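Trainee: only geometry, no sequence info:
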């Protein structure tokens, strides 16, 4: 099948194959550009004519090109082409900044991330079903983030009730009835159940298609996701949960979990939920790290997130009042006046800074800190990951990795571990190797050198790598 050796070809005289993204045995996907000023990034998929019903594919793409929904990928163009004498169909769509399957290759989604993912997916599927269309290929590789918005692919949509036309490929997320050629919205509900299980456990349900037994979940799952999975994974489409049932189960008061082997009781109340459409957005966690790492600074910015923990208090620092938690008058009267520190370390840079952090020179000899006082450590030297530029050139946007580092009282890295691998095992390994070569000026507790903990935020992009260190303890 097509691969990177086709890069440089121009499809239909308009779409250059700029970079091979990936593919399967039956298709290959490349990055391309749409004409304009400036040109717009897009993706182009090539499928051998011999592998599909060409007429059916072109009809499906013609119908999909007229669809417009905020959570459906736009289809720009499609047609027929030849490369080195071989005949292909091509379809041009929006370019995805992230794909759910790439994220799941590194880690599972958390329950909050899964809930945020389900909102846009349910919106898009409901919109399609209302127009007698079935997605028919709901799986992680067809769930994408385009310009910070979660979207579903549209290049394989089918008609409700369609029978007899084989799909481009079959997969582990396909409903049992698809093997008989029957397509309906219930098939999307089954695939949604498989998606939820895979997103949370990284494994599909265990199911023997030759038996009547219901699928078995591969690992314990929190509610309401266990209820959703069991309700959607009913072999009989007539008793399978609908999208409305799934929406209702996501409400704070959700339906009881169905008993295996019995017909699940659909939730009784339905209302629309409005949820965020981005995947892998962990802003709350990052904000918490920023606040915790700045507890010794003289004037940190106000924090309005009520979920962010208050900074630790030492003899050299007191937690400043925030916009959401004003300081009470009683607290002002009882809080002891902190002694002036003998040495003040410079403010740590904000995470994901656009320029690499610079090592800061020590302020020079200072008086011995007061008994029990804490003076934060500093970065003495840092090592940048050695990533070849051709590999950085393949990054679309940024790849972010978080490394947790334990520093001993001598300022040497005693241990380093991946705290968040981001979406790439390759870049996570590079960041970890780099972190192990960092050196620090030890923190001081009561005038004595002490061990400390740091979080190193790595951001890889085409223009290079930036690293933001944040000390979290002492």
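Mentor: Here it is on my side, so go on. Everything numeric in this text was worked out from a predicted model, so none of it was measured.
Trainee: what is the subsequent helix or strand relative to the longest helix anywhere in the chain?
Mentor: Using DSSP state H, we find that the single longest helix of the chain is helix 111-129. Counting by DSSP states H and E, the next helix or strand C-terminal to helix 111-129 is strand 133-134.
Trainee: distance from that next one to the middle of the chain?
Mentor: The chain centre lies 26 Å from the centre of strand 133-134; the measure is Cα atoms, centre = their mean, to the nearest Å.
Trainee: who's in contact with that strand?
Mentor: 63, 128, 157, 158, 159, 160, 162, 183, 184, 185, 187, 188 (Cβ atoms under 8 Å, 6 or more residues apart in numbering). Bear in mind the C-beta positions are built from the backbone N, C-alpha and C, glycine included.
Trainee: now, these that are in strands?
Mentor: 158, 159 (DSSP state E).
Trainee: so where do the helices sit in this structure?
Mentor: Using DSSP H, helices in the chain cover 54-64, 100-104, 111-129, 185-201, 225-232, 243-249, 283-293, 329-334, 389-392, 425-435.
Trainee: switch the ones you listed over to CSV; also include distance to residue 15, mean pLDDT and mean neighbour count.
Mentor: Compiled in CSV, the helices of the chain are given as follows (distance: least, Cβ to Cβ, whole Å; pLDDT from 0 to 100; neighbours: other Cβ atoms under 10 Å):
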stretch, distance to residue 15, mean pLDDT, mean neighbour count
helix 54-64, 14, 88, 17
helix 100-104, 23, 92, 20
helix 111-129, 26, 95, 20
helix 185-201, 30, 94, 24
helix 225-232, 38, 94, 24
helix 243-249, 35, 94, 21
helix 283-293, 36, 41, 17
helix 329-334, 64, 37, 9
helix 389-392, 23, 78, 11
helix 425-435, 28, 87, 20
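Trainee: of these, which is nearest residue 26?
Mentor: Across the helices of the chain, residue 26 has its closest neighbour in helix 54-64 (11.5 Å, Cβ to Cβ).
Trainee: which strands and helices sit next to that closest one?
Mentor: Packing partners of helix 54-64 (3 or more Cβ pairs under 8 Å, 6 or more residues apart in numbering; DSSP states H and E): strand 75-83, strand 86-94.
Trainee: any idea which of those is most buried?
Mentor: strand 86-94 (a mean of 21; mean count of other Cβ atoms under 10 Å).
Trainee: partners of that strand in the sheet?
Mentor: strand 40-48 (antiparallel), strand 75-83 (antiparallel) (DSSP bridges).
Trainee: between the ones you listed, which one is nearest to residue 34?
Mentor: Here strand 40-48 is closest among the strands paired with strand 86-94 (Cβ to Cβ), at 4.3 Å.
Trainee: can you tell me the closest non-neighbouring residue to residue 9?
Mentor: Among residues not flanking residue 9 along the chain, residue 17 sits closest, at 4.9 Å (Cβ to Cβ, 6 or more residues apart in numbering).
Trainee: hang on, the earlier thing: which one of the strands paired with strand 86-94 lies nearest to residue 458?
Mentor: strand 40-48 (24.3 Å).
Trainee: average pLDDT for the closest one?
Mentor: What strand 40-48 shows for mean pLDDT is 93.
Trainee: outside of that strand, which residues touch it?
Mentor: In contact with strand 40-48 (Cβ under 8 Å, 6+ apart) are residues 1-2, 11, 15, 17, 21, 23, 26-34, 57, 76, 81, 83, 86-96, 155, 168, 396.
Trainee: starting at the chain centroid, how far to that strand?
Mentor: 23 Å.
Trainee: how far off centre is stretch 467-474?
Mentor: With Cα atoms, centre = their mean, you get 23 Å for stretch 467-474.
Trainee: enumerate the positions of that stretch that are buried.
Mentor: In terms of neighbour count (16 or more other Cβ atoms under 10 Å), stretch 467-474 has its buried residues at 467, 468, 469, 470, 471, 473, 474.
Trainee: how about the contacts made by residue 212?
Mentor: Contacts of residue 212 (Cβ under 8 Å, 6+ apart): residue 235.
Trainee: phi, psi of it?
Mentor: The phi/psi pair for residue 212 (degrees, to the nearest 10) reads phi -90, psi 0.
Trainee: what does the pLDDT read for it?
Mentor: For residue 212, pLDDT reads 71.
Trainee: repeat that for residue 207.
Mentor: Looking at residue 207, its pLDDT reads 82.
Trainee: ok, the closest residue to it other than its chain neighbours - contacts?
Mentor: Spatial nearest neighbour of residue 207, excluding adjacent residues (Cβ to Cβ, 6+ apart): residue 215 at 3.7 Å. Listed by Cβ under 8 Å, 6+ apart, the contact set of residue 215 reads 205, 206, 207, 233.
Trainee: swap the cut-off to 6 Å and go again
Mentor: 205, 207, 233 (Cβ atoms under 6 Å, 6 or more residues apart in numbering).
Trainee: in a markdown table: these, plus distance to residue 462 and neighbour count.
Mentor: Shown next, in a markdown table, are those (distance: Cβ to Cβ, whole Å; neighbours: other Cβ atoms under 10 Å):
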| residue | distance to residue 462 | neighbour count |
| --- | --- | --- |
| 205 | 39 | 22 |
| 207 | 43 | 16 |
| 233 | 42 | 27 |
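Trainee: out of these, flag the one nearest to residue 458.
Mentor: Of those, the one sitting nearest to residue 458 (Cβ to Cβ) turns out to be residue 205, at 35.3 Å.
Trainee: so the closest one is in contact with residue 195, correct?
Mentor: No: taking contacts as Cβ atoms under 6 Å, residue 205 lies outside contact range of residue 195: 10.5 Å.
Trainee: which residues touch stretch 403-412?
Mentor: Stretch 403-412 is contacted from outside by 413-417, 419, 431-432, 435, 439-442, 449-456, using Cβ under 6 Å, 6+ apart.
Trainee: mean confidence (pLDDT) on it, please.
Mentor: On average, stretch 403-412 scores 92.
Trainee: name the residues of it that are buried.
Mentor: 403, 404, 405, 407, 411.
Trainee: between the two ends of that stretch, how far is it?
Mentor: Start-to-end span of stretch 403-412 (Cα to Cα, to the nearest Å) is 15 Å.
Trainee: use 653 as the first number for this chain going forward.
Mentor: Okay, residue one is now 653; in that scheme the one you just asked about reads as stretch 1055-1064.
Trainee: just the buried residues of stretch 1119-1126 now: which is nearest residue 903?
Mentor: Nearest to residue 903 among those, with distances taken as Cβ to Cβ, is residue 1122, at 37.1 Å.
Trainee: so how far is residue 1055 from that closest one?
Mentor: 11 Å (Cβ to Cβ, to the nearest Å).
Trainee: just residue 870 next, same as before
Mentor: Distance from residue 870 to residue 1055, by Cβ to Cβ: 30 Å.
Trainee: what does residue 827 give?
Mentor: From residue 827 to residue 1055 the distance is 42 Å (Cβ to Cβ).
Trainee: repeat for residue 883
Mentor: Distance from residue 883 to residue 1055, by Cβ to Cβ: 40 Å.
Trainee: is residue 1068 bridged to anything, and to what?
Mentor: The partner residues for residue 1068, given DSSP bridges, come to residue 1057.
Trainee: confidence score at it?
Mentor: 92.
Trainee: check residue 930 too.
Mentor: At residue 930, pLDDT is 40.
Trainee: also residue 743?
Mentor: pLDDT, residue 743: 95.
Trainee: cool, and residue 923?
Mentor: pLDDT, residue 923: 34.
Trainee: next: residue 1090.
Mentor: So residue 1090 comes in at 95 (pLDDT).
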